[in-house]
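**Q** Predicted model and sequence below, questions to follow.
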Amino acid sequence: MQLRFTLCLATIVLFLSTLQADNWPQWRGPAGDGMSKETGVPTKWSKEENILWSVPLPGMGGATPVIWGDKLFLISETKDGMLALLCFNNKDGKELWSKPLSTKKARRARGDEGNSASASPSTDGKHIYAFVGTGEFACFDFDGNEVWKFDAQERYGKFNIQFGVSSTPVLYLGKLYWQLMHTDGQYVICIDTKDGKDVWKVDRPSDSNPRSENPHSYASAQLWHKGESAYLVVHGNDYTTAHDLKDGHEIWRLMGLNPKEKYHPTQRFVASPLVTPDLIVVPTAKGGQTVAVKPSAQGEVKPGSPYEQWRRMRDTPDVPCPLLVDGLVYLCSENGVLICIDAETGKEYFKQRMHSQRYRASPVYADGKIYCTARDGTITVLKAGKTFEEISVNKLPDLVSASPVISNGKIYVRGFDKLWCIGTK
């Protein structure tokens, strides 16, 4: 009787833990905001402590992995300089399959950083959708069978962008929504996941200097949704715009991000907006402004508009995306300074340097803690709140530009050399 009760109890605990486990189906997590509902996530690790496994990768990449069930998918350069979609068992790190994505050589920029494996894949639990900077768009099933593939440079025109196209498509209700913004093309695109064909494509105009760097956007489109309402948020070329999901027409446009009276010809957007049901936080670049927009916005949203929650004129994150936790917005600067401000008023609570390094990954949150990842593999864990409270500083022997992934009570970190799984042993 006791044995039967014990087995029953164990089964219930396992079932409940499975229910609580989050898949990480897209860049920035289940809701696209860098937030995980998981608890018991590790806060301390080293080469000797809480590293469950690590596996070598065939080449570098900045794409964040995605997880569904016991499978992990990521995009990577290969040993011969091409690009591939890889599938691993996330329990033990065993590689299950690898499928080529491109017949063109991967492009690199700035040597140790920009690369064609920067856009993250996404999954709906049945298929994986992947884009790489050489232009290939592809869909595979979970067994690695190709469903469809096309070359975006053949379909939309040759890319003309300084550091390569890195925008991640966003997956929503059977459609992929994508922003493609470079010198020779400014488009918002909707692609059908069934066959890879365009549902619609619209021009996204701007009055920026076409001979400057401003038309180059490395940000990714984000999806706003609340209840049955939803629209797409697109970021780049001096503006942030919202677009209807049915036909792509523009709903609102955020103005004043690169004021004409102080025009910055090299201001290109890299960090993507943070989109939550009740607030949209828009970063810019080069230490400039961050703007909080009410999702009910319409038309042109100028400085001082009633649709503007607040506008902070300095210290924008240049690459990492903002994070919003319990009414607090966190901005991680590329130099390792973390800023905490009130989501309603824009009031600053603290501005504190963490590890002194470049920061490219976006911060993520789980179980009352914020994880900030530096390029040299150092991850600082902080207690979420109005005061700066450091819990731990952990170092992996790898270079990291991808954001961490939290799933099944574990942290997955995609380095340039290895894929790391961190968990409590």
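**A** Nice, thanks for sending it over.
**Q** Please tell me how far Tyr231 sits from Asp247.
**A** For Tyr231, the distance to Asp247 equals 11 Å [Cβ to Cβ, to the nearest Å]. All C-beta atoms are positioned from the backbone trio N, CA, C, and that covers glycine.
**Q** Name the helix or strand for the nearest residue to Gly144 once chain neighbours are set aside, please.
**A** Spatial nearest neighbour of Gly144, excluding adjacent residues (Cβ to Cβ, 6 or more residues apart in numbering): Trp97 at 4.0 Å. Here Trp97, judged by DSSP states H and E, is contained in strand 95-100.
**Q** now that strand: how far from the chain's centre is it?
**A** 23 Å (Cα atoms, centre = their mean, to the nearest Å).
**Q** which other helices and strands contact that strand?
**A** Here strand 95-100 touches strand 83-89, going by 3 or more Cβ pairs under 8 Å, 6 or more residues apart in numbering; DSSP states H and E.
**Q** Show residues contacting the strand it packs on.
**A** By Cβ atoms under 8 Å, 6 or more residues apart in numbering, the surrounding residues in contact with strand 83-89 are 55, 57-58, 70-78, 94-102, 106, 116-117, 121, 128, 130, 132, 134, 136, 138, 140, 142, 144, 419.
**Q** what's the angle between it and strand 95-100?
**A** Here strand 83-89 runs at an angle of 170 degrees relative to strand 95-100 (axes from the mean of the first three to the mean of the last three Cα atoms, to 10 degrees).
**Q** all helices for this structure, in order.
**A** 2-20, 152-156 (DSSP state H).
**Q** Where among those is average confidence lowest?
**A** The minimum mean pLDDT among the helices of the chain belongs to helix 2-20 (a mean of 40).
**Q** one step back: the more surrounded of Tyr231 and Asp247?
**A** Shown here are Tyr231 and Asp247; by other Cβ atoms under 10 Å, Tyr231 has more neighbours (20 against 10).
**Q** Now the strand holding Trp97: buried residues?
**A** By neighbour count with 16 or more other Cβ atoms under 10 Å, strand 95-100 contains the buried residues Lys99.
**Q** Report the beta-bridge partner residues of the residue nearest to Gly144.
**A** Taking DSSP bridges, one finds Cys87 as the beta-bridge partners of Trp97.
**Q** pLDDT at it, what is it?
**A** pLDDT at Trp97 comes out at 98.
**Q** residues in contact with it?
**A** By Cβ under 8 Å, 6+ apart, the contact set of Trp97 is 86-87, 143-144.
**Q** and if you look at Ser403?
**A** Per Cβ under 8 Å, 6+ apart, neighbours of Ser403: 27-28, 34, 64, 361-364, 373.
**Q** now with 6 Å?
**A** Neighbour list for Ser403: 64, 361-362 [criterion: Cβ atoms under 6 Å, 6 or more residues apart in numbering].
**Q** Mind giving me the PyMOL command for buried ones among those?
**A** Per 16+ other Cβ under 10 Å, the buried members of the contacts of Ser403 correspond to this PyMOL selection:
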select buried, resi 64+361+362
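**Q** Show me which of the contacts of Ser403 is closest to Gly336.
**A** Ranked by distance to Gly336 (Cβ to Cβ), those are led by Ala361 at 11.7 Å.
**Q** ok, now how distant is the nearest residue to that closest one once chain neighbours are set aside from Gln309?
**A** With Cβ to Cβ, 6+ apart as the measure, Thr373 is the residue that lies nearest to Ala361, at 3.9 Å, once sequence neighbours are left out. Thr373 sits 28 Å away from Gln309, taking Cβ to Cβ as the criterion.
**Q** who has more neighbours, the two?
**A** Legend: neighbour count by other Cβ under 10 Å for Thr373 and Gln309, higher for Thr373 (28 against 18).
**Q** where does that one land on pLDDT?
**A** 98.
**Q** before we move on, what about the one 10 residues further on?
**A** The score at Lys383 is 98. That number is its pLDDT.
**Q** From what I see, it and Glu389 are in contact.
**A** Yes - proximity of Lys383 to Glu389 meets the contact threshold set by Cβ atoms under 6 Å, at 4.1 Å.
**Q** just to revisit the earlier point, out of the contacts of Ser403, flag the one nearest to Thr284.
**A** Taking the contacts of Ser403 together and measuring to Thr284 by Cβ to Cβ, the closest member is Ser362, at 15.7 Å.
**Q** tally of neighbours for the closest residue to the closest one other than its chain neighbours?
**A** Closest residue to Ser362 apart from its sequence neighbours, by Cβ to Cβ, 6+ apart: Cys321 at 4.1 Å. The tally of other residues near Cys321 (other Cβ under 10 Å) stands at 28.
**Q** ok, and for stretch 249-260, which residues are buried?
**A** 250, 252-258.
**Q** Filter the residues you listed down to the ones in strands?
**A** 250, 252-254 (DSSP state E).
**Q** now those as TSV including distance to Gln186 and pLDDT?
**A** Formatted as TSV, these follow (distance: Cβ to Cβ, whole Å; pLDDT from 0 to 100):
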residue	distance to Gln186	pLDDT
Glu250	12	98
Trp252	17	98
Arg253	13	98
Leu254	16	98
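**Q** from those residues, which is closest to Pro295?
**A** Nearest to Pro295 among those, with distances taken as Cβ to Cβ, is Trp252, at 9.4 Å.
**Q** Just the strands from the stretch 101-250 of the chain, written as ranges.
**A** For the stretch 101-250 of the chain, the strands defined by DSSP state E, counting those that start in this stretch occupy 108-109, 114-115, 122-123, 127-131, 136-141, 146-151, 170-172, 175-182, 185-192, 198-203, 222-226, 229-236, 239-243, 250-254.
**Q** and the fifth one, C-alpha only, in CSV?
**A** Extracted as CSV, the C-alpha positions of strand 136-141 are listed here (Å, rounded to 0.1, in the frame of the first residue of the first chain):
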residue,chain,number,x,y,z
GLU,A,136,17.2,31.5,-47.0
PHE,A,137,13.9,31.0,-45.3
ALA,A,138,12.9,27.4,-44.5
CYS,A,139,10.4,25.2,-42.7
PHE,A,140,11.2,21.7,-41.3
ASP,A,141,9.2,19.2,-39.4
